[in-house]
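K.L.:
no FASTA, just this:
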Ligand code: NI
Ligand code: NI
Ligand code: NI
């Protein structure tokens, strides 16, 4: 048994959820923030038998792979006007950070 | 030292919180979602000395045990009308999913 | 690789976030509750190489150390009027509870 903690951008979160349900993985989702763009993200907790880890990782990778995308500029209100970029920029979106933790006991009541 | 991560349905969350406070266990609660009924749940983080794990598990089991309950049907708006069941159904409610994780260091500042 | 889970009072959370960004640590933040004063707190998840743990702990300690502070009394509306204290009291504020967990695998997609 392992506990998988996967931090996923909100953009990919619903798609990953659907894929997990479809493949019968049970996940708990925590609302979280952080990372470069200060964008919201979702932290998935997934308890899993060792022999199914490869399948789970493939699902996460497929649904959350990091890629580039054009992003509209954000108005500098309250920010630093010097760093304002008045045209769309290409940014990295998506991507998942995944920790595999050992589990000593697993119980369901 | 262990870290207990317990995912508990919102229905049982306040009761478990009260029981933990009463027995002097300190818990951190994270708002979470997931599981079959899409109902909200709460993820408890509890740091605990090894010799008190049995007592903690008994408290979780007592306050969150899975049981059956009649649930009113939910309107199929936006869902699949074919799967709509127009009368109360008996569903499993409550229940806790509990992971016991090893802790290498524990510090309080 | 380790996973650091740090539970920090909201009062210190923004300051710790800023310090972590400044020192190039990447943290995921989860909104959480619990502890003595029922005050909100933030749970930080930080993946870290073993050799940087000392530096990270020093940052957490510096920004979240427990200290005393005068707190205005809270009106007993809806609570127990017998336990109402009508003058400011000195309470412990801040402080961090930090778990260091072993990580078996770490992946980024
Ligand atoms: Ni196993
Ligand atoms: Ni111990
Ligand atoms: Ni390492």
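P.N.:
Looks like it arrived, so ask away. Small disclaimer: the values here were computed from a predicted structure and weren't measured. Ligands and ions are numbered 1, 2, ... in the order given.
K.L.:
Quick check: mean pLDDT of the strand or helix carrying residue A:5?
P.N.:
Taking DSSP states H and E as the criterion, residue A:5 maps to strand A:2-9. The predicted model assigns strand A:2-9 a mean pLDDT of 95.
K.L.:
Any residue of that strand touching chain C?
P.N.:
Yes. Judged by C-beta under 8 Å from any C-beta of the partner chain, strand A:2-9 comes into contact with chain C at A:2, A:5, A:7. The way it works is simple: take the backbone N, C-alpha and C, and place the C-beta from them, glycine included.
K.L.:
Can you mark which positions in the helix or strand that that strand is followed by are buried?
P.N.:
Next along the chain after strand A:2-9, taking DSSP H and E as the criterion, comes helix A:10-22. Neighbour-count burial for helix A:10-22, counted by 16 or more other C-beta atoms under 10 Å in any protein chain shown, picks out A:11-13, A:16-17, A:19-20.
K.L.:
contacting residues around helix A:10-22?
P.N.:
Here helix A:10-22 makes contact (C-beta atoms under 8 Å, 6 or more residues apart in numbering or on different chains) with A:6, A:8, A:26-27, A:29, A:39-42, A:44, A:46, A:59-60, A:62-64, A:93-94, A:96.
K.L.:
could you give the angle of it to strand A:2-9?
P.N.:
Calculated by axes from the mean of the first three to the mean of the last three C-alpha atoms, to 10 degrees, helix A:10-22 forms an angle of 140 degrees with strand A:2-9.
K.L.:
just how off-centre is helix A:10-22 within its chain?
P.N.:
Computed by C-alpha atoms, centre = their mean, to the nearest Å, the chain-centroid distance of helix A:10-22 equals 9 Å.
K.L.:
do the same with stretch A:22-35
P.N.:
The chain centre lies 8 Å from the centre of stretch A:22-35; the measure is C-alpha atoms, centre = their mean.
K.L.:
And for stretch A:65-75?
P.N.:
Its chain's C-alpha centre and that of stretch A:65-75 lie 16 Å apart, by C-alpha atoms, centre = their mean.
K.L.:
pLDDT (mean, whole number) over it?
P.N.:
Stretch A:65-75 comes out at a mean pLDDT of 76.
K.L.:
how about that stretch, does it reach chain C?
P.N.:
Yes. Applying C-beta under 8 Å from any C-beta, one finds stretch A:65-75 touching chain C at A:65-66.
K.L.:
From residue A:62, how far off is the closest residue to residue A:55 other than its chain neighbours?
P.N.:
Closest residue to residue A:55 apart from its sequence neighbours, by C-beta to C-beta, 6 or more residues apart in numbering or on different chains: residue A:23 at 7.3 Å. Distance of residue A:23 to residue A:62, computed by C-beta to C-beta, to the nearest Å: 11 Å.
K.L.:
Follow the chain on from the helix or strand containing residue A:57 and name the next helix or strand.
P.N.:
Secondary structure from DSSP H and E places residue A:57 in helix A:53-64. Next helix or strand after helix A:53-64 toward the C-terminus (DSSP H and E): strand A:67-71.
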